[in-house]
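Enquirer: Pasting the sequence and the predicted model now:
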Amino acid sequence: MISANPSHDTSTWTILGDSPEVMAVVGVNLSLAILGFLGAFYLMHLRLRLAQLSDWLLRQERQSRHLLPLVQRWLAQRQQSSQQTRDRLQQIEQRLQLLQQSLSVILWLLRQRGRIRGRNRAVSQGKNSP
């Protein structure tokens, strides 16, 4: 290699380039630079994903803000309907219990009446027979 400056000796650079220590330092620097670029790419990709997630969450929050009053009213109506149904069921159970008691009394009366008729028949048949 011909140098423009005659006092400049390029043999020193050739010797340093052949040195294993220099090659190791250059390799480490190159590796660190590549890792830095990969890390930056990963962080840029992560930032993009987080921005997308943030946008999605913001849209969901806006939609839920509009739906929340509707849901509250719907739930209140369902609770009121459930309470009304429970009240009706309790009334029906009370009526059913009263009906069962009434039927029991009627059946008892019919049995008592049948026994009395049976005795009267037996008594009347006993008087009629010789």
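Expert: Received the coordinates, thanks.
Enquirer: so where's this structure shaky on pLDDT?
Expert: Where the chain drops to pLDDT under 70, the residues are 1-17, 118-130.
Enquirer: give me that answer again for 80
Expert: Along the chain, segments meeting pLDDT under 80 span 1-18, 115-130.
Enquirer: Do a quick rundown of the helices in it.
Expert: 11-18, 20-128 (DSSP state H).
Enquirer: Tabulate these in CSV, adding columns for mean neighbour count.
Expert: Any C-beta I mention is one placed from the backbone N, CA and C, and that applies to glycine too. Shown next, in CSV, are the helices of the chain (neighbours: other Cβ atoms under 10 Å):
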stretch, mean neighbour count
helix 11-18, 10
helix 20-128, 10
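Enquirer: any idea how far R62 lies from W56?
Expert: In this structure, R62 and W56 are 11 Å apart, going by Cβ to Cβ, to the nearest Å.
Enquirer: Oh, that last question was meant for I116, not what I typed.
Expert: The value you get for I116 to W56, if Cβ to Cβ is used, is 85 Å.
Enquirer: And for G114?
Expert: Separation of G114 from W56 (Cβ to Cβ) stands at 80 Å.
Enquirer: Repeat that for M23.
Expert: 49 Å.
Enquirer: and what of S104?
Expert: S104 sits 66 Å away from W56, going by Cβ to Cβ.
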